[in-house]
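# I need the structure of the sequence given here:
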Amino acid sequence: MTGPDVVRVLVVEDEELAAEAHATYVERTPGFGLAGVARSAGDAARFLERDRDVDLVLLDMHLPDGHGLGLLQRLRAAGDLVDVIAVTAARDADVVRHAVAHGVVLYLIKPFTYATFRSRLEQYADYRARLSSAAGDVAQDEVDRMLGTLRPAAPELPKGMSAETLRSVVAAVRGTDEALSASEVAGLVGASRVTVRRYLEHLADTGVLERGQRYGGGGRPEVEYRRA
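Residues are numbered from 1 along each chain as shown. Just a heads-up that it's a prediction; the model follows:
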């Protein structure tokens with residue numbers, strides 16, 4: 001997609017399949033277009049030197065020739081204020097802290113679904129639109145609204161669900177690489193199977209978890225859940 005209102009995106013990702021997936025995700029998202037793909041920090045730096053019209057960088061932190069934070073530092077030291085969204089498996093709090101300090105506007109942890117990816121780009125697009133529409137000095141409430149688009153309120157849970165139990169269910173499923181049934185998750189979190197299954201179904205419906213079928217034992221297949 002091209003045009004004056006399209007956000008041009010550079011994907012910086014060394015893993016081939018992930019780079020292809022993220023590039024495809026960008027082109028599937030209305031209002032965004034792929035400027036290019038860089039497979040290393042050096043390639044990204046050279047690309048940005050050649051192409052000053054890149055609006056947004058999707059930056060992996062683990063690159064073959066250095067850390068993504070090193071690239072960020074070089075960009076900022078050179079006066080390049082291109083917007084950056086971290087798209088990475090790095091969960092270390094210090095990495096997050098340094099990324100924010102160097103101007104990362106959003107931080108997206110792998111693995112994720114396209115729905116999650118798209119929602120982050122839409123948050124960014126809203127922020128960008130509000131920023132570009134502001135003329136001259138801005139008031140406090142305008143700044144609050146701009147930054148608020150990058151930090152939306154958590155969605156309201158269905159009636160009868162608690163945030164604490166939801167976190168426990170998510171942690172149980174994400175704590176293993178294996179798919180788990182509702183009974184297995186219930187045993188891990190100390191709740192009833194019926195209660196846990198309701199949370200699992202909600203998480204699957206919202207794209208946080210994936211459903212599957214478990215066959216065996218000669219009976220009906222059992223629904224299992226794994227991280228998306």
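
# and the helices in this structure?
All helices of the chain, identified by DSSP state H, fall at 16-28, 41-50, 68-77, 93-101, 114-133, 140-148, 163-174, 182-189, 193-205.

# confidence-wise, which of those is weakest overall?
In terms of mean pLDDT, the lowest-scoring of the helices of the chain is helix 140-148 (a mean of 65).

# mind checking how far residue 162 is from residue 172?
15 Å (CB to CB, to the nearest Å). Just so you know, the C-beta spots here come from the backbone N, C-alpha and C atoms, and that holds for glycine as well.

# looking at the two, which is more packed in?
residue 172 (20 against 10; other CB atoms under 10 Å).

# wait, doesn't that one sit right on residue 190?
No: using CB atoms under 8 Å, residue 172 makes no contact with residue 190, being 10.1 Å away.

# want to throw the helices of the chain into a markdown table with distance to residue 228?
Converted to a markdown table, these look like this (distance: least, CB to CB, whole Å):
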| stretch | distance to residue 228 |
| --- | --- |
| helix 16-28 | 13 |
| helix 41-50 | 27 |
| helix 68-77 | 23 |
| helix 93-101 | 21 |
| helix 114-133 | 8 |
| helix 140-148 | 26 |
| helix 163-174 | 10 |
| helix 182-189 | 15 |
| helix 193-205 | 9 |
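
# wait, which of the ones you listed is closest to residue 211?
helix 193-205 (4.8 Å; CB to CB).

# now do the buried residues in that closest one.
195, 196, 197, 198, 199, 200, 202, 203, 204 (16 or more other CB atoms under 10 Å).

# counting by contacts, list what it packs against.
Helix 193-205 is packed against helix 163-174, helix 182-189, strand 209-214, strand 222-227, with contacts defined by 3 or more CB pairs under 8 Å, 6 or more residues apart in numbering; DSSP states H and E.

# distance from the chain centre to stretch 221-228, please.
22 Å (CA atoms, centre = their mean, to the nearest Å).

# contacts for it next, please.
111-113, 116, 173-174, 178-182, 185, 200, 203-204, 207-215 (CB atoms under 8 Å, 6 or more residues apart in numbering).
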